[in-house]
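[1] sequence and predicted structure are below.
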Amino acid sequence: MNKKYIIPVVIFSILLLLPFGVQAVVDLRGEKRFQPFDIFKDVVYTPIVREKKVAAAADSLDVKWRAAREAIAAGAEVADALEPVTSSLSDLEAAVLSVNTYAELDTAEARYKSLKLADTLLSKLEDEPESFLQADSCIKALVADLGHVSLWRAFLDVKHYGVWTSRYLRAFENKIDDESAIVLALRPKYQLAVWNIFSDPGEKVVLGAAGDCIGKSCGREDAKPEDKWLFYRQDVEFLVQPSPLDVRSAKLDNPVKAIERFRDQLKAKGVELLVVITPGKPSIYTERLTGRDSRVAGAENAAVGNATAVENAAGLQSHGKKILDSLTRAGFNTVDLYTPLLAAKADDDKLGALYLNDDTHWTPRGAEIAADVIAKKVGEMVDVGTVKFRGKDDVRYIASDSVADRMGDVGEMSGLNKFGVFKVQQVTGHVVSQQNIKERTEKLPVDSTCVETAKIACKKNDSCFTAQSALCERDTVLYDTTVTPFKDDFRKSEILILGDSFSRIYQTDSPVNAGWIAHFAKNMNARVASIVSDGGASTLVREKLARKSSVLKGKKLLIWEFVERDLRFGAEGWKDVEF
């Protein structure tokens, strides 16, 4: 080798090995494992250990199930008898689903479907004893299949989920990137430098154009005119990529077919479905993203006769709105939140914006508008007889102001919040509490004047006096209106809500019980129950419901809320879920 190449080769080799060397030193000196060993472990060690864990968990499930059957036969409560079985089944699921350090079992696998079926059947047993034989057969099949160590199955799992597969290597690479000592040390400083120089907030975030949302109405008294809103990149990509129903999106799951299938499943159980597609932030505040006021753009296009551009400028032609309209035309029960939210922007100067500055979600004002619109739609369904409820609930709701600080999730995604780049936004929510009204009758003291009058009227006639004095006894009706925090009521409610983080925000996080679900219950004056999965309202939340399908007992209406971007980017797609 030419001597003049030696130094560059040495420098290049040092640079190439530096990250590996630094990470090895950090891992060996600290408590973390040495990650490159994971590859060797997952080829040689993990498959056998996992098979032993699976077999042990299956044996435990068999023992617990036999004990539960004996206890139920002896007259024990079904729920109490099944509790150890459910716990053992969860242990078995955990052992089976985690194939190795970086790969999860594919949901299309027969083992996955069998586990989920067993989970569903166990949850049904308490309310549907007739499903006992099916549950017994399912669990016995699971135990027979998984209750022994199978070297062939271990080999197949290494083949399909091992270190030579893309799913393993991609997860391994991401883990290395996330836990690299050099990356953890340098990435934040690099992100801050890129932000300061290029105003680039990161790969998951889109920086909106400068807006005029400053001052108290926006909760940002210290904001400057050059301040800009942040948008979640998937929200923006949903608008600019082809519709999920476009031929160019043929590889995606069809959301309309999944919604139709879900509606039919619910109808078979006597439950009506109401579909609520939540507009993404850029669909409502397009001008905050582009810097071009949609009303001005619409007026300019109208002047040249471009009516379609006017509609586009109004934000009413997003893919989400078009799919919603197509569902409505096809006879689905739907709620249009696009039109009322776009109309409500006219009052932003007085009442504040409908969406948070540095967050994907709406403000309490936006959530309350949504609750009102959804409640009115349900009222219309009741009026035309689409859904019939038993009657008014013995509960009333009251609301009180509560201030909360919000650190935007999009700002957190940027990784810049650790440097205080984006500020906390203060919002005022209206916390809903409930009054459980209980009626009771209480006797009042006998009216002495009435008794004296009876004596005079009846003179010495005892039977007359007895009859007349009985009329002097008085009862009064009293109401116990103790105020308690709002809560889901799965037992008494006739309305079940499935939702995503738009259903969670302000509801289970600060200020708590101030989300659209609580305000919907207040507007309807009715008890409700909810199942929420952040980012998983397309499939994951239906899978949660399938595992606990007994919660549909007594329900007349299911409201399904999901943000429009999930039509394309929903976690786990739009799979068919069996109930």
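    Ah, there it is.
[2] residue boundaries of the helices in the stretch 351-500 of the chain?
    Counting by DSSP state H, counting those that start in this stretch, the stretch 351-500 of the chain has helices at residues 364-383, 409-414, 448-458, 462-470.
[3] looking at those, which is closest to residue 429?
    Proximity to residue 429 (CB to CB) singles out helix 364-383 among those, at 4.0 Å. Heads up, the C-betas are built off the backbone N, CA and C, glycines and all.
[4] pLDDT-wise, which helix or strand of this protein ranks last?
    helix 307-313 (a mean of 38; mean pLDDT, DSSP states H and E).
[5] only the buried residues of the very next helix or strand once past that one, if you could.
    Next helix or strand after helix 307-313 toward the C-terminus (DSSP states H and E): helix 319-329. By neighbour count with 16 or more other CB atoms under 10 Å, helix 319-329 contains the buried residues 319, 320, 321, 323, 324, 327.
[6] measure the last one to residue 259 for me?
    If I follow you right, that is residue 327. 7 Å (CB to CB, to the nearest Å).
[7] need the overlap of contacts for the two.
    Common neighbours of residue 327 and residue 259, counting by CB atoms under 8 Å, 6 or more residues apart in numbering, are residue 275.
[8] got the contact list for the closest residue to residue 464 other than its chain neighbours?
    Nearest residue to residue 464, sequence neighbours excluded (CB to CB, 6 or more residues apart in numbering): residue 458, at 3.6 Å. Contacts here follow CB under 8 Å, 6+ apart; on that basis residue 458 touches 464, 465, 468.
[9] I only care about these that end up buried; give me the ChimeraX line for that.
    Per 16+ other CB under 10 Å, the buried members of the contacts of residue 458 correspond to this ChimeraX selection:
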select :465,468
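[10] any idea which of the contacts of residue 458 is closest to residue 382?
    residue 468 (48.9 Å).
[11] wait, residue 430 sits on residue 512?
    No: here residue 430 does not reach residue 512: they are 11.6 Å apart, not a contact under CB atoms under 8 Å.
[12] neighbour count: the two, which is higher?
    residue 430 (20 against 17; other CB atoms under 10 Å).
[13] identify the bridge partners of the closest residue to that one other than its chain neighbours.
    Take residue 430 and drop its neighbours on the chain: the residue closest to it by CB to CB, 6+ apart is residue 399, 4.2 Å away. The partner list for residue 399 in beta bridges (DSSP bridges) reads residue 432.
[14] without its sequence neighbours, what residue ends up closest to residue 285?
    residue 355 (6.1 Å).
[15] the one you found and residue 364 touch, don't they?
    No: checked against CB under 8 Å, the pair residue 355 and residue 364 is beyond contact range at 11.1 Å.
[16] which of those two has more neighbours?
    residue 364 (26 against 23).
[17] tell me the spatial nearest neighbour of the more buried one, not counting adjacent residues.
    Nearest non-adjacent residue to residue 364 (CB to CB, 6+ apart): residue 429, at 4.0 Å.
[18] for that neighbour, what are its contacts?
    Applying CB under 8 Å, 6+ apart, we find residue 429 in contact with 364, 401, 402, 403, 404, 506, 511, 514.
[19] got it, and residue 524?
    375, 378, 379, 495.
[20] possible to save these as JSON lines with pLDDT and neighbour count?
    Shown next, in JSON lines, are those (pLDDT from 0 to 100; neighbours: other CB atoms under 10 Å):
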{"residue": "375", "pLDDT": "97", "neighbour count": "20"}
{"residue": "378", "pLDDT": "97", "neighbour count": "24"}
{"residue": "379", "pLDDT": "95", "neighbour count": "11"}
{"residue": "495", "pLDDT": "96", "neighbour count": "25"}
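[21] of these, closest to residue 148?
    Out of the contacts of residue 524, the member with the shortest distance to residue 148 (by CB to CB) is residue 495, at 46.7 Å.
[22] one step back: who's the residue nearest to residue 285 bridged to?
    residue 362.
[23] list the contacts for it?
    By CB under 8 Å, 6+ apart, the contact set of residue 355 is 281, 284, 285, 361, 362, 363, 366.
[24] tell me the buried residues in stretch 368-388?
    Counting neighbours by 16+ other CB under 10 Å, stretch 368-388 gives 368, 369, 370, 371, 372, 373, 374, 375, 377, 378, 381, 387 as buried.
[25] repeat for stretch 424-436
    For stretch 424-436, the neighbour count (16+ other CB under 10 Å) marks 425, 427, 429, 430, 431, 432, 433, 434, 435 as buried.
[26] and the buried residues of stretch 368-388 as TSV, adding distance to residue 69?
    TSV is the format used below for these (distance: CB to CB, whole Å):
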residue	distance to residue 69
368	50
369	52
370	47
371	46
372	51
373	50
374	45
375	46
377	46
378	43
381	44
387	39
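[27] just these now: which is nearest residue 73?
    Nearest to residue 73 among the buried residues of stretch 368-388, with distances taken as CB to CB, is residue 387, at 40.4 Å.
[28] looks like that closest one contacts residue 556 (just checking).
    Yes: with contact defined as CB under 8 Å, residue 387 and residue 556 form a contacting pair (5.3 Å).
[29] returning to that earlier point: for the helices of the stretch 351-500 of the chain, which one sits closest to residue 147?
    By CB to CB (comparing all of the helices of the stretch 351-500 of the chain), the closest turns out to be helix 409-414, at 44.0 Å.
[30] could you tell me the end-to-end distance of stretch 97-113?
    From its first residue to its last, stretch 97-113 covers 11 Å (CA to CA, to the nearest Å).
[31] buried stuff in that stretch?
    Here stretch 97-113 shows 97, 99, 100, 101, 102, 103, 105, 111, 112 as buried, counting by 16+ other CB under 10 Å.
[32] out of these, which are inside helices?
    If you go by DSSP state H, the buried residues of stretch 97-113 have 97, 111, 112 in helices.
[33] check contacts around the closest residue to residue 243 other than its chain neighbours.
    In this structure, residue 243 finds its nearest non-sequential neighbour in residue 319, 4.3 Å apart by CB to CB, 6+ apart. Neighbouring residues of residue 319 by CB under 8 Å, 6+ apart: 238, 239, 243, 244, 564, 567, 568.
[34] out of those residues, who's nearest residue 160?
    For the contacts of residue 319, the nearest to residue 160 is residue 568 (27.6 Å; CB to CB).
[35] and the pLDDT at that closest one?
    You'll see residue 568 listed with a pLDDT of 93.
[36] tell me which element it falls in.
    Using DSSP H and E, residue 568 falls within helix 566-569.
[37] so what secondary structure elements neighbour that helix?
    Other elements packing on helix 566-569 under the criterion 3 or more CB pairs under 8 Å, 6 or more residues apart in numbering; DSSP states H and E are helix 233-240, helix 319-329.
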